[in-house]
Structures are given as structure tokens and as C-alpha cells.
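K.L.:
I need the structure of the sequence given here:
(one chain, ligands or ions: 1)
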Amino acid sequence: MKIKGLIFDLDGVLVSTEKNHFIAWKKTAERLGSDFTEMDNEQLKGISRVDSLKKIITLAGATVSTEYFEELLVFKNEIYLDSIRTLGPGDALAGVLELLQHAKAHDIKLGVGSSSKNANAILELLQIKDLFDAIIDGNGVSAPKPDPEVFLNAAQGMGLSAADCLVFEDAESGILAAKAGGFKVIATGNPHVAELADAYVDTLTDFNLSLYEKSL
Ligand SMILES: [Mg+2]
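P.N.:
Residues are numbered from 1 along each chain as shown. A predicted model of the protein is given here:
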């Protein structure tokens, strides 16, 4: 079977800014008088900024006003944005550039389906933004992952149906979203979610599209 489009989650698949998010959330939790550990951070993977903050407030046992909630969202994002300004082309994860170039050379469409509201900025810093036919980020969806909307919108933007596309994901919510949308999913970078996907690779370097197509 011929795959006509590849759709990538951003964080943990094309680039890793997990550490940047973690440090920014840790500083946010400190303002609530709470600690925030790597283990707590696991619960935030693939989750929107608003839902992440709700979880942190719950973990802190705090109650905040709507105004303070908004202030904390802005605070977190400013720390995060400041810390990712130094990202460059060398920060794309292993195998990413090769796979994108392979796709381009074979007329395979490329899309991004991410919960991040900073997806466009990050893709620009990595200097790969122009390679994509459709970029759907946290600003372009009404229902977050595990709802399939973000991936369905990306496929639509590429002029393809879910059955023609392959999704790359590192988080449970994202894999569930892709599955719910009728996509085949390759999990990467997170062995804990391998079983939920159609196939698993440690990094995209290990993914061979021609071989995968033959297995379908
Ligand atoms: Mg991710």
C-alpha cells in the first residue's frame, strides 16, 4: 500500500523541548508553593497548556482565580519561549530531516498535528516549516487530543484522507487521537506507548517507509 502523507506530532517527534517545558512548569509550580517532579511531568505529555496548568494546580492542592490562572499561563509560556529561542536546525531529532527529504523526493505530502500553540515558531527555528503542506497547531482545533480533530484537519489540509496517511506520535493521547481518526500510527521515542501503535521505532532513523509500505 502506498502512503501519500506523513503527519507528525511536534514535541517528542520532530524536536524535543520536554526539558524546556519541564523547567517552565517547575517555576510555575513554585509560584503555587509546590514542587514539581519529573514524575509529575510525565502526566503532562501531549496535553494542552490549559489542561497542564489545571493538573499542576490540582497537584499543588491550590485554588486560583481566573485572573491568576491566566497570569500563570502567560508566565509559563514566557519562560518557555525565552528558553527555546536558541533552537536551530541542529535540534531536529535524529532521522527527522532524512525522512522529510525522502518524503519530498517521493511526492509524499507532509503535515504537522500538534497541541502546541508555538508549533509555527518552533518549525521556523528548525528551518523546516516550508517543507510542510499543512500545519495544524493548538490554535487550529476546538477539541484537543485524544480527539482526532488535529490530525483530521491536517489530512484535510493536505488534501488526503486518514487512510492515506501515517501519523508519528510519542504520547498516548496522540496515538489514541490518530487511531480514533482512522490513521495508522508509528510510535517513536517512548517505549511505554509502543503497544498502542501499529509499529514502534526508537528514533525516526530506524523508520524505513518503503519497508513499512510493503508490510501493509
Ligand atoms: Mg509529543
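K.L.:
now the strands: where do they sit in the chain?
P.N.:
5-8, 109-113, 134-136, 165-169, 184-188, 199-201 (DSSP state E).
K.L.:
could you dump the ones you listed to TSV with mean pLDDT and mean neighbour count?
P.N.:
Using the backbone N, CA and C atoms, a C-beta is placed for each residue, glycine as well. Below are the strands of the chain laid out as TSV (pLDDT from 0 to 100; neighbours: other CB atoms under 10 Å):
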stretch	mean pLDDT	mean neighbour count
strand 5-8	98	27
strand 109-113	98	26
strand 134-136	98	21
strand 165-169	98	28
strand 184-188	98	24
strand 199-201	98	17
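K.L.:
Mind checking those for the one nearest to the ion?
P.N.:
strand 165-169 (6.5 Å; CB to the ion).
K.L.:
Strand partners (parallel or antiparallel) of the closest one?
P.N.:
If you go by DSSP bridges, strand 165-169 pairs up with strand 5-8 (parallel), strand 184-188 (parallel).
K.L.:
can I get the ones you listed in JSON lines with distance to Ser210?
P.N.:
JSON lines is the format used below for these (distance: least, CB to CB, whole Å):
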{"stretch": "strand 5-8", "distance to Ser210": "13"}
{"stretch": "strand 184-188", "distance to Ser210": "14"}
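K.L.:
ok so, going back, can I get the strands of the chain in JSON lines including distance to the ion?
P.N.:
Shown next, in JSON lines, are the strands of the chain (distance: least, CB to the ion, whole Å):
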{"stretch": "strand 5-8", "distance to the ion": "9"}
{"stretch": "strand 109-113", "distance to the ion": "10"}
{"stretch": "strand 134-136", "distance to the ion": "14"}
{"stretch": "strand 165-169", "distance to the ion": "6"}
{"stretch": "strand 184-188", "distance to the ion": "9"}
{"stretch": "strand 199-201", "distance to the ion": "14"}
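K.L.:
ok, now how distant is Leu125 from Leu10?
P.N.:
12 Å (CB to CB, to the nearest Å).
K.L.:
When those two are compared, which one has more neighbours?
P.N.:
Taking neighbours as other CB atoms under 10 Å, Leu125 and Leu10 compare with Leu10 leading, 24 against 18.
K.L.:
Give the full set of residues in contact with the more buried one.
P.N.:
Neighbouring residues of Leu10 by CB atoms under 8 Å, 6 or more residues apart in numbering: Val112, Ser114, Ser116, Ala119, Ile122, Leu123, Asp137.
K.L.:
All set now, cheers.
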